[in-house]
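Enquirer: Next come a sequence and a model predicted from it.
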Amino acid sequence: MTLYGVLGMGLLFVGGVLFVNGMWLLGYGSNRDVAIFNFLVGLITFLIVLWWAFGGDASEGTAFNAAGTMLFSFTYLWIGANAIRGVDDQRSFGWYCGFVAVTALPTAYLVFLSGDVGLTGLWLLWAVLWAAFFVLLALERDDLTNPVGSFTAITGAVTAIGGYLMAAGFWPWA
């Protein structure tokens, strides 16, 4: 399977979980259902990380690909754990989101250097999303829950479209 095929498969589900998480923030979902979906997507992306990190030449992945994807895995596993435990204080997760937002910016630049403008745009979009979660959770700005929820759902739709195009072989920058 090609690098973009695997990436697209993962991003399709990342888009799905982002959409569901956005709807959850808007009040349309249960903690248990959100936790299960986040655990499944965290597991799928973590399996991709393992394939890219340890799959050798057969995987076409690199340590850089694996590290970037691991940012997603940890995000969804942590959200799942917090949702199922009913954690109210999510400041630690918010600080993690700040770390990921800062990490996503040079990642977008490096992807841009590879010539993939579409994936660069996705990384920049995700950087803004993770920064929004940093503000919402680490800085405890509950008044931003609805705008962040809407932005999360929209980002999920955009990510799912990108992932679908990659998995189906129609990503123009592959």
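Expert: Right, received. Where do you want to start?

Enquirer: Now the residue sitting furthest away from the middle of the chain, what are its backbone angles?
Expert: In the chain, Asp57 marks the outermost C-alpha relative to the chain mean, sitting 25.3 Å out by CA atoms, centre = their mean. Phi and psi for Asp57, reported as degrees, to the nearest 10, are phi -70, psi -20.

Enquirer: Contacts only, for it.
Expert: Residues in contact with Asp57 (CB atoms under 8 Å, 6 or more residues apart in numbering): none are found. C-betas here are computed from N, CA, C, even on glycine.

Enquirer: And the helices in the chain?
Expert: All helices of the chain, identified by DSSP state H, fall at 3-25, 31-54, 63-85, 91-113, 117-133, 145-168.

Enquirer: which one of these is the most hemmed in?
Expert: Sort these by mean neighbour count, taking mean count of other CB atoms under 10 Å, and helix 3-25 sits at the top with a mean of 22.

Enquirer: any idea of the angle it forms with helix 145-168?
Expert: Going by axes from the mean of the first three to the mean of the last three CA atoms, to 10 degrees, helix 3-25 is angled at 160 degrees with respect to helix 145-168.

Enquirer: and the angle for helix 3-25 with helix 63-85?
Expert: Using the same axes, to 10 degrees, helix 3-25 lies at 20 degrees relative to helix 63-85.

Enquirer: In CSV: the helices of the chain, plus distance to Ala174 and mean pLDDT.
Expert: As requested, the helices of the chain are exported to CSV (distance: least, CB to CB, whole Å; pLDDT from 0 to 100):
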stretch, distance to Ala174, mean pLDDT
helix 3-25, 4, 97
helix 31-54, 16, 96
helix 63-85, 14, 96
helix 91-113, 12, 98
helix 117-133, 9, 98
helix 145-168, 7, 98
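
Enquirer: Nearest the geometric middle of the chain, what residue?
Expert: Residue closest to the average C-alpha location in the chain (CA atoms, centre = their mean): Phe72, at 4.3 Å.

Enquirer: Go ahead and confirm that one touches Gly15.
Expert: No - contact criterion CB atoms under 8 Å: Phe72 and Gly15 do not qualify, at 11.0 Å.

Enquirer: Could I get the contacting residues of the residue nearest to Gly163 when sequence neighbours are not counted?
Expert: Leaving aside its sequence neighbours, Gly163 sits nearest to Leu11 (CB to CB, 6 or more residues apart in numbering; 2.9 Å). By CB under 8 Å, 6+ apart, Leu11 lies in contact with Leu122, Thr159, Ala160, Gly162, Gly163, Met166, Ala167.
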